[in-house]
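A.B. asks: Fold the following.
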Amino acid sequence: MSIISSLANNFTAAGKLKAAGFNNASLANVTALDSSVALGSLILLSTQTASASASIEFTSGIDSTYDEYIFKFINMHPATDNVDFQFNMSTDSGSNYNVVKTSTAFAPFHDEADTSTGVTYNTSNDLAQSTGFQNLLGQSGIGNDNDQSASGYLQIFNPSSTSFVKHFIARNNYSHPSDYTVEYYVAGYGNTTSAVNAIQFKMSSGNIDDGVIKLYGVKKS
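C.D. replies: Now for the predicted structure:
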């Protein structure tokens, strides 16, 4: 086989590189790959950055393309001290955020002085058939010192289903106003068989002063 023929075999009819014969180093300047190249299971769909924002809404990109969606929170910083970070779902593209939810919540915690530790079930942040916003932190909320913030994720399963409820799982870590680290777990479901197509995030009081939220779709296997 000639060198030209060998090289030609690495391209599709559309001029895209095939996976065979290439490594990470050789792909540095590639702009289009053949569909046979694995690109990972998380597909970044959109990114929003808060700047003294009353709320952040994702009103597009949540559809039947993926069975799972993951929101990643990076250093969510509140303008107001001791507030919670919350979310709610919409079935009408963001006209209303009022999906009925039932959930459960618990948290392990540890203070900087190494004097207080524990794990607690948080009854004030679980919901029972409530249309209100779901708290993602709890345990008195985030501090708003310059170095305090919250980071973590929210995962929602099959939001476009018209047969099943909409399960969600969240795990976040944040800086408590009294200098605790708190890891907060929340799980539950939106009790609706309508498709969920928009999500809103906000603080329980005041603005989101700073922070980044990234929305990913999880590739179907």
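A.B. asks: hang on, residue 185 is in a helix, isn't it?
C.D. replies: No: assessed with DSSP: H, G, I helix; E, B strand; the rest coil, residue 185 is strand; it does not lie in a helix.
A.B. asks: so it bridges to which residues?
C.D. replies: Counting by DSSP bridges, residue 185 forms beta bridges with residue 106, residue 171.
A.B. asks: Just list the residues touching it, thanks.
C.D. replies: Counting by C-beta atoms under 8 Å, 6 or more residues apart in numbering, residue 185 touches 105, 106, 107, 170, 171. Glycine gets a C-beta too; all of them are placed from N, C-alpha and C.
A.B. asks: Now the buried members of the residues you listed.
C.D. replies: Among the contacts of residue 185, those buried by neighbour count (16 or more other C-beta atoms under 10 Å) are 105, 106, 107, 170.
A.B. asks: Just list what the helix or strand harbouring residue 211 packs against, helices and strands only.
C.D. replies: In this assignment (DSSP states H and E), residue 211 forms part of strand 208-218. Packing partners of strand 208-218 (3 or more C-beta pairs under 8 Å, 6 or more residues apart in numbering; DSSP states H and E): strand 42-53, strand 56-58, strand 68-78, strand 198-203.
A.B. asks: Go again with 6 Å.
C.D. replies: strand 42-53, strand 68-78 (3 or more C-beta pairs under 6 Å, 6 or more residues apart in numbering; DSSP states H and E).
A.B. asks: for residue 80, phi and psi?
C.D. replies: phi -110, psi 140 (degrees, to the nearest 10).
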